[in-house]
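Colleague: Predicted model follows, preceded by the sequence.
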Amino acid sequence: MSKYLEFNTPASKQAMELASDFRLKNQGLTYLDRVYWNLPEEALYEEAIFRNEGKIVKGGALLVNTGKHTARAAADKFVVREESTEKDIWWGIYNRPYSHEKWSQLVARLQAWAQGEEFFVQDVYAGADPDYRMPVRIITEKAWHSLFARNMFITTNDRDELKNFVPDFTVIAVPGFKVDPITDGTRTDTAIIINFLQRTAIIANTLYAGEIKKSVFTVLNYLLTYEDVLPMHCSANVGEKGDVALFFGLSGTGKTTLSADPKRRLIGDDEHGWSSQGVFNFEGGCYAKVIRLSAEHEPQIYETTHKFGTILENVVFDPVSRKVDLDDDTITENTRASYPIEFIPNVIEEGYVRSHPKNIIFLTCDATGVMPPIARLTPEQAQYHFISGYTSKIAGTEVGLGIEPQITFSACFGAPFMVRHPFEYAEMLKQRILKHKANVWLVNTGWVGGRFGVGKRISIRHTRNLLNAALEGKLDNVKYRKDKLFGYEIPMSCPDVPEEVLYPERSWGDKNEYWKKYDALAARFIENFKLFENGCSQEVKNAGPKRLSQIEVK
């Protein structure tokens, strides 16, 4: 900031107080102006306001606008192709290869651009379990991005620890640095490029902070597999008896809502590792979608939007009263709040447990209205559905918005962040299911009685009761029926749930229409799975659905 005018900012005199001896010049960034090291939240607030990066709104949250990028630039993500990792990476639309030569040229341009600039550094950790914790350095151009890093990752106030900090991986977030598609071989003037050999990621020309979080998640998704840790895009909680439950699901399936259970303690809401010792959170914070958030239905998350320390991205506010309007989607549907996980009550403060999952829940929002509300999967079926990652995309999480849902599949319920072939993660999951005798449930939070626009969204009360019955072992001894198309087992009864809810076809006026829709969904599953067949075992292939023409339906 002081590249052209020499003046002090609020934290100028404290900029080096918490600096690591492993300076940025050791990482090729030289002739910089001032570097602000490990500033606490209060100082970052002052810097962000001083630099006109955001506004303080009612309750104390810092509100920022991310400009043209209000979501991840998924099509602009690359992985440097080099000999040490080439054979292990799942190359394709999510891991686009980037040449080592282009990387070297890009880094040289970035180093030249950075001269005379000011930067913020946060030396943090990814992974709550001390045995798998990775030191990460987040270098940012913006003060509020530095606050985001403090919110989302695990920090330390130990001066000696910070002084001796050496990162295992470094993320450089420079929204002011544009790449050149012709020179740099990128798709646009924005790029997210990860280099595993040099342990560095560059995030160029985007203010959207989610790129920082997801870049670190992508890195862990690759590196932790070499330590026999299964990286997972899921929320996790634990019961009084130490029984862990995992909740996999894409946006709109109810992952955050259903994992927030007052009878169980939250481990984390988005990214976890499953090691030989137990389950641990990757993060120290939450990055929640807040569009149309209500105090009634999501009181815990709603409260964070009015707290000092929270960052609100692209939320609309009244500049006079400073009140935010969480219902206003003028800027984007993808409004976000970043806050420390301790803002949520009933959380495991350590971020890890030395116990293993007893129940694994795959959440899907089926907008076709044909899937059962709950089904029990075999280990092979679990692999199949894990690799498929089926749900329906809807506009936000509200019913009746008038926008037709879109059937979508996202491998491992997080395809954009999976660096290895999905079957490798699925195989690690199966090994753990068998070893720890975990139950796997497919829970449908979508429609019943017809497709979207005809039927209605399944009652959250019924979903809660089904889920509680599964977690509490009340479905262990009931009778099950085998689904004709998908082959999974559906309970024929459940405490506090009407029997007809467990038979989705009964809520359809036209049974033939039901079976046609169900068969069409099976066809979509089969077609999607062709993308993964080459890397999968025959047992997993056989665990998929059958078409109506292959069976007799009575």
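Modeller: In hand now; what should we look at?

Colleague: quick one, domains of the chain?
Modeller: Per automatic domain parsing, the structural domains of the chain span 33-51+69-227, 230-274+356-550, 286-343.

Colleague: Tabulate those domains (a markdown table), appending distance to Ala15, mean neighbour count and mean pLDDT.
Modeller: All C-beta spots, glycine's among them, are computed from the backbone N, C-alpha and C. Output for the domains of the chain, formatted as a markdown table (distance: least, C-beta to C-beta, whole Å; neighbours: other C-beta atoms under 10 Å; pLDDT from 0 to 100):
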| stretch | distance to Ala15 | mean neighbour count | mean pLDDT |
| --- | --- | --- | --- |
| domain 33-51+69-227 | 5 | 19 | 97 |
| domain 230-274+356-550 | 31 | 19 | 91 |
| domain 286-343 | 21 | 18 | 95 |
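
Colleague: Contacts for the helix or strand containing Arg150 next, please.
Modeller: The secondary structure element spanning Arg150 is helix 143-152 (assigned by DSSP states H and E). Helix 143-152 is contacted by residues 36, 39-41, 44-45, 47-48, 51, 53-54, 62, 64, 120-122, 124, 138, 140, 173, 207, 209, 212-213, 283-285, 287, 309-311, 338-340 when judged by C-beta atoms under 8 Å, 6 or more residues apart in numbering.

Colleague: Just the C-alpha atoms of that helix, please, in CSV.
Modeller: Only the C-alpha atoms of helix 143-152 are listed here, as CSV (Å, rounded to 0.1, in the frame of the first residue of the first chain):
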residue,chain,number,x,y,z
ALA,A,143,-5.5,-7.6,5.3
TRP,A,144,-8.9,-9.2,5.4
HIS,A,145,-7.5,-12.3,3.6
SER,A,146,-5.1,-12.6,6.5
LEU,A,147,-8.0,-12.5,8.9
PHE,A,148,-9.7,-15.2,6.9
ALA,A,149,-6.6,-17.4,7.3
ARG,A,150,-6.7,-16.8,11.1
ASN,A,151,-10.4,-17.8,11.1
MET,A,152,-10.1,-20.9,9.0
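
Colleague: following it, which helix or strand shows up next?
Modeller: helix 159-163.

Colleague: Can you give the contact residues for the longest helix along the chain?
Modeller: In terms of residue count, the longest helix belonging to the chain (DSSP state H) is helix 511-529. Under the contact criterion C-beta under 8 Å, 6+ apart, helix 511-529 has outside partners 366, 368-371, 384, 387-388, 390, 407, 409, 451, 485-486, 504-505, 508, 541, 544-548, 553.

Colleague: C-alpha coordinates for the helix or strand following that helix, PDB please?
Modeller: Once helix 511-529 ends, the next helix or strand along the chain (criterion: DSSP H and E) is helix 538-542. Provided in PDB are the C-alpha atoms of helix 538-542 (Å, rounded to 0.1, in the frame of the first residue of the first chain):
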ATOM      1  CA  GLN A 538     -15.600 -55.400 -10.500                       C
ATOM      2  CA  GLU A 539     -17.300 -55.600  -7.100                       C
ATOM      3  CA  VAL A 540     -17.900 -51.900  -7.100                       C
ATOM      4  CA  LYS A 541     -19.200 -51.900 -10.700                       C
ATOM      5  CA  ASN A 542     -21.600 -54.700  -9.700                       C
END
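
Colleague: Check which helices and strands helix 538-542 sits against.
Modeller: helix 379-388 (3 or more C-beta pairs under 8 Å, 6 or more residues apart in numbering; DSSP states H and E).

Colleague: For Lys25, see how far away the residue nearest to Val35 when sequence neighbours are not counted is.
Modeller: Excluding the flanking residues, the one nearest Val35 by C-beta to C-beta, 6 or more residues apart in numbering is Phe119, at 5.1 Å. Distance, Phe119 to Lys25, by C-beta to C-beta, to the nearest Å: 12 Å.

Colleague: Could you name every residue contacting both of those two?
Modeller: Between them, Phe119 and Lys25 share no contacting residue, judged by C-beta under 8 Å, 6+ apart.

Colleague: before we move on, the earlier item: possible to save the domains of the chain as JSON lines with distance to Ser12?
Modeller: Supplementary listing: the domains of the chain in JSON lines, determined by distance: least, C-beta to C-beta, whole Å:
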{"stretch": "domain 33-51+69-227", "distance to Ser12": "7"}
{"stretch": "domain 230-274+356-550", "distance to Ser12": "35"}
{"stretch": "domain 286-343", "distance to Ser12": "23"}
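
Colleague: Nearest to Glu350, out of those?
Modeller: Closest of those to Glu350 is domain 33-51+69-227, at 6.5 Å (criterion: C-beta to C-beta).

Colleague: list the contacts for the residue nearest to Val35?
Modeller: Counting by C-beta under 8 Å, 6+ apart, Phe119 has contacts Leu24, Leu29, Leu32, Val35, Tyr36, Ile139, Thr140, Glu141.

Colleague: can you tell me which of the residues you listed are in helices?
Modeller: Using DSSP H, none of the contacts of Phe119 sit in helices.

Colleague: Closest one to Asp269 out of the residues you listed, please.
Modeller: Closest to Asp269, out of all of the contacts of Phe119 and judged by C-beta to C-beta, is Thr140, at 23.3 Å.

Colleague: for the chain, what spans make up the helices?
Modeller: Going by DSSP H, the chain shows helices at 41-50, 100-114, 143-152, 159-163, 181-184, 210-223, 255-259, 299-304, 379-388, 422-436, 460-471, 511-529, 538-542.
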